Structure formats: structure tokens, C-alpha cells
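Asks: Can you look at this prediction? I've put the sequence above it.
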There are 2 protein chains.
Amino acid sequence: MPKLVDHEERRAHIIDALLRSAASSGLHSVTMRSVAVEAGVSVRLVQYYFDTKEQLLLAAMTRLTTRMGERIQRRVRASGAATDPRGIVEAVLLEAVPTDEESRAFHLIHTEYAVLAVTDPALGGQPFLAAPDEMEAFLAAQLTAAQRSGAADPRLDPRQEAVVLLAVSAGLGLSVLLGQRTAEAATAVLHYHLGRVFPG
Amino acid sequence: MPKLVDHEERRAHIIDALLRSAASSGLHSVTMRSVAVEAGVSVRLVQYYFDTKEQLLLAAMTRLTTRMGERIQRRVRASGAATDPRGIVEAVLLEAVPTDEESRAFHLIHTEYAVLAVTDPALGGQPFLAAPDEMEAFLAAQLTAAQRSGAADPRLDPRQEAVVLLAVSAGLGLSVLLGQRTAEAATAVLHYHLGRVFPG
DNA sequence: ACTTTGGTGGTATGGTTGTACCACAAAAGT
DNA sequence: ACTTTTGTGGTACAACCATACCACCAAAGT
């Protein structure tokens, strides 16, 4: 063969093509052909690296959730105050609001996958379940810490409030995605609500 | 022809077949044929009453949003206290949480439509925008009324809090749909949060 | 040198989809 | 009585899809 190829690199390249294709015209309109064209390779190659379309979609989903985790972690670290509970919580929740075009595409595809996974048996049973649970526990811990240091309202139930926070950010993020609200309006509301949780 | 037919009735019958079909295997897997089979008519008939698939999907979406409004109104009225702000708000928000199988199917299709409308140009520009805006104003008014009667925390900003409430219920409803939470857990969290908004 | 293996392109195939077309029956209008 | 109109079935068709298959080429192993 021409050159001995790094499989993982090739796979990543093709998956990125899929994500780009899905971002512009929706996950439902992704075909082997469209991915191949977007990646600049032949259909046969896509078949070669991912035997079936189902496996391709699955691989892309995995890559997407991985990225989601990276995004949140990066944002938490970038928020400077790495140990301030409010800063951490704020960073995590703001990640759910699509601001620039790239994050918008990212969240759109992620949402399409999530909805698709409800009906598609192949996509079900995948890791759309673990992440939110961990996140919930993590936020609850941050709230408890904040209560101890006097930063958060002591009357709050950390566990329940964590779920509320997650729901608020998911709901706001979705409304931005659907075009019902601007990203600015959503972040403003989020800040307002955080102000209620962390008074002063 | 055999019998002079009520067009609207026929159309409703076919649309219901589409919704049933979409509920079981997802909106993406709805075809002219599957709808025809589910409705117990020939494909030609579906074509006859809705010229194209796009129009069929559009009509179903319209019917869906209409039903959404009816559902909320019905629930508000059924909540007994027709003038108690808290009862009204509670009724509206609980409607977003899918409990029985029928409401689950309903919300699933509604969500699928919403997500599809983001990328599909034909579905865009449709009335997924007006309803939430009205609802927001409505909830804000209820909160203001509740503040005047001393039922709601006076420090709240009704406008922003209304958006938060909507986001919480949408977020919780979605999480139930995705199987991350049970309907019971979601309603419990919703009640908890309402307890924070309406103290005492 | 030669065989094996990894990578690639092209193309065929079987199935599905939306839609167009053709025929026909029965009620309404005249 | 006869001609429209309205409703209905069956079927044909062109497009597209995922996937299987065939051929080929170049590097590695020996």
C-alpha cells in the first residue's frame, strides 16, 4: 500500500467529517456518501475503517461525549478560580449554553443523538446515562462546600438543588438551540439564578 | 365516489396514525407507507389528502402544538384552584413531565419535531417560537400576582424567574424522556423548587 | 523473487422511499 | 342520460441508500 496508515488518525478524520456534515444539515441527513465527500475520501474507505454505518454513528457519539467532558473540564480550569465553588458551578452550567458557532454545532449534534437514542435500539444503552449522574453528585458536593463556607444559602437541599441547576442549564441551552432565546439572554438568566443560590 | 367524505375527519385520522407510528419507532422512521398501514388505508389515500410528505409532517406538527395548548389548559382547569397562582404555575410546569405512556409519546414526538425544525428548512419558521414567549409572560404575571398576595418571595424578579421555571420544567421533562430520571423524581424536584419560589 | 497483507477505488445489488401516473367507481349536477 | 367531480386502488419509476464484491497496487516479510 502507498503508506502505512495510522488507523486512529484516519478514523478521527472521518468522524470529524461526519460531525461537520451533521452540523450543517442535521444528523438525520448524514449518509455514507456525504461523510465520504466531506472527508475527501471514497465511500469504500469509510466502509473500511468503520464496517457499518451503525458503528460509524456509534464511534462518533463516543467521540462526542468524550469531547463534552473535555469541554467542561477545560472551562472549569479556564475559569481561574479552581477552588471557588461558585466559579466552578458557574463554569459547568455555562458550558450548556451554545455561544459561538462551534459550540452551537456541538450541542446540536449532541441533542440530536440524545433524542435519537430514545427510539433507536442501537444507540440506546449507551453512555448517555452515567455522565449526568456523576455531574449531579459533583454539583451537590460543590453546593455543600459552599454552604459550609457561607457562600451558598444554607436552607438549600444540595442534592435537589443540583438537579435543579442541571435542569435549568439544560433547559436554557435547549431554548437557545431552538432559537427561542439568544445566548446572551440565557446566560443572563443563568447568572440571575446563580445569584439566588449564592447570595451576596 | 362511494360516500361523500368529511375531509377534516379523514385528515385527522391519518395524522393520528402518523403520530402513533412516530411514537413507537421515532419520527425519523415515519414513511408514507408506514403511515398508510397504520391508518389502514392505501398509500394513494395519504397522498390524496396530503399531497406531499412535507405537508403531512407540517400538518401533524400543527396538530401537535394545538394539542399541547389544550393539554396545558385542561390541566390548569383540572387543578381545581383556578385562581390560585401557585396552583396554576404548578399545573403548567407539571405538564412538561411525561408521566403515563400517552404523555410520554406526546412529548417525545414534540421534542423530535423541535430538534428537527432546527436543521430542516421546511419545518423552521413554524410556530415553535410564539408559544414559549406567551407562556413566559403568563407565568411572570402569575408570579407578580402571587407576590402581591404575599404567596411568593418578594425579592424575585418575576420576568427572570418565569424563564427559570420554564427552563427547569423543560430540562426535567427532557431528562425523563431520555431515561435519566423517573417521572416521580422529576416531579419531586419540581415541587422542591416551587417550594423555594412560594415559601410557607 | 515472491507471497502475503494492508489500503484503496470502482461498481454492482437489493431494498426502500417519495411521488407520478393510470384506471375505475360512484355520487352530483344538469 | 350523460358528463363532471370526488374518492380510491394499484403500480410504475427514478433516486438514493447501505453494503457486498472485485480488482489492483504497493509495502513488508521471507
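Replies: Yep, it's here.

Asks: neighbours around residue A:76, how many?
Replies: Using other Cβ atoms under 10 Å in any protein chain shown, residue A:76 has 18 neighbouring residues. In this view, the C-beta of every residue, glycine as well, is placed from N, C-alpha and C.

Asks: residue nearest the centroid of chain A?
Replies: Nearest residue to the geometric centre of chain A (Cα atoms, centre = their mean): residue A:68, 4.0 Å.

Asks: which helix in chain A runs the most residues?
Replies: Secondary structure assigned by DSSP state H gives helix A:53-78 as the longest helix of chain A.

Asks: Whether that one contacts DNA strand C - can you check?
Replies: No - using Cβ under 7 Å from any atom of the strand, helix A:53-78 never reaches DNA strand C; the gap is at least 11.9 Å.

Asks: next SSE after that helix?
Replies: helix A:85-94 (DSSP states H and E).

Asks: Could you check the angle the next helix or strand after that next one makes with helix A:53-78?
Replies: Using DSSP H and E, the helix or strand that follows helix A:85-94 towards the C-terminus is helix A:101-119. Inter-element angle recorded for helix A:101-119 and helix A:53-78: 130 degrees (by axes from the mean of the first three to the mean of the last three Cα atoms, to 10 degrees).

Asks: Is there proximity between helix A:101-119 and chain B?
Replies: Yes - using Cβ under 8 Å from any Cβ of the partner chain, helix A:101-119 comes into contact with chain B via A:108, A:111-112, A:114-119.

Asks: re the thing from before, and the residue nearest to the centre of chain A, what is it in contact with?
Replies: For residue A:68, the contact set (Cβ atoms under 8 Å, 6 or more residues apart in numbering or on different chains) comprises A:106, A:110, A:131.

Asks: Let's see the pLDDT reported for it.
Replies: If you check residue A:68, the pLDDT there is 89.

Asks: and residue A:90, how many residues sit next to it?
Replies: Residue A:90: 21 neighbours (other Cβ under 10 Å).

Asks: now residue A:109
Replies: Other residues near residue A:109 come to 22 when the count uses other Cβ under 10 Å.

Asks: Correct me if wrong: residue A:63 contacts residue A:13.
Replies: No - using Cβ atoms under 8 Å, residue A:63 makes no contact with residue A:13, being 11.5 Å away.

Asks: Could you report the separation of residue A:93 from residue A:144?
Replies: Relative to residue A:144, residue A:93 is positioned 17 Å away (Cβ to Cβ, to the nearest Å).

Asks: Over to residue A:64?
Replies: Residue A:64 is 31 Å from residue A:144, by Cβ to Cβ.

Asks: What of residue A:37?
Replies: 51 Å.

Asks: same check, this time on residue A:84
Replies: With Cβ to Cβ as the criterion, residue A:84 and residue A:144 are 14 Å apart.

Asks: next one: residue A:75
Replies: Distance of residue A:75 to residue A:144, computed by Cβ to Cβ: 22 Å.

Asks: What residues does chain A have near DNA strand D?
Replies: A:1-4, A:30-34, A:43-44, A:47, A:51-54.

Asks: Just give me the least confident of the residues you listed.
Replies: Among those, pLDDT bottoms out at residue A:1, giving 45.

Asks: ok, the residues of chain A next to DNA strand D vs residue A:181, which is closest?
Replies: residue A:30 (27.3 Å; Cβ to Cβ).

Asks: and the closest residue to residue A:192 other than its chain neighbours, how many neighbours?
Replies: Among residues not flanking residue A:192 along the chain, residue B:160 sits closest, at 4.5 Å (Cβ to Cβ, 6 or more residues apart in numbering or on different chains). Using other Cβ under 10 Å, residue B:160 has 21 other residues around it.

Asks: got the contact list for residue B:160?
Replies: Residues in contact with residue B:160 (Cβ under 8 Å, 6+ apart) are A:188-189, A:192-193.

Asks: Now intersect the residues you listed with the strands, please.
Replies: Among the contacts of residue B:160, DSSP state E puts none in strands.

Asks: out of those residues, which are buried?
Replies: A:189, A:192-193 (16 or more other Cβ atoms under 10 Å in any protein chain shown).

Asks: Pass me the low-pLDDT residue ranges in chain A, would you?
Replies: A:1-3, A:81-82, A:126-130 (pLDDT under 70).

Asks: just to revisit the earlier point, take the residues of helix A:101-119 next to chain B and lay them out in CSV including distance to residue A:184.
Replies: Listed next are the residues of helix A:101-119 next to chain B as CSV, based on distance: Cβ to Cβ, whole Å:
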residue, distance to residue A:184
A:108, 18
A:111, 20
A:112, 24
A:114, 25
A:115, 26
A:116, 29
A:117, 30
A:118, 31
A:119, 34
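
Asks: so which of the residues you listed are also by DNA strand C?
Replies: Answer for the residues of helix A:101-119 next to chain B near DNA strand C: none qualify (Cβ under 7 Å from any atom of the strand).

Asks: Return the distance of residue A:72 relative to chain B.
Replies: Using Cβ to the nearest Cβ, to the nearest Å, we find residue A:72 at a distance of 17 Å from chain B.

Asks: burial measure for that residue, as a count.
Replies: 19.

Asks: Report the contact partners of the residue lying closest to it once chain neighbours are set aside.
Replies: Closest residue in space to residue A:72, ignoring its immediate chain neighbours: residue A:95 at 5.1 Å, by Cβ to Cβ, 6+ apart. Each residue near residue A:95 by Cβ under 8 Å, 6+ apart is listed here: A:71-72, A:75, A:169.
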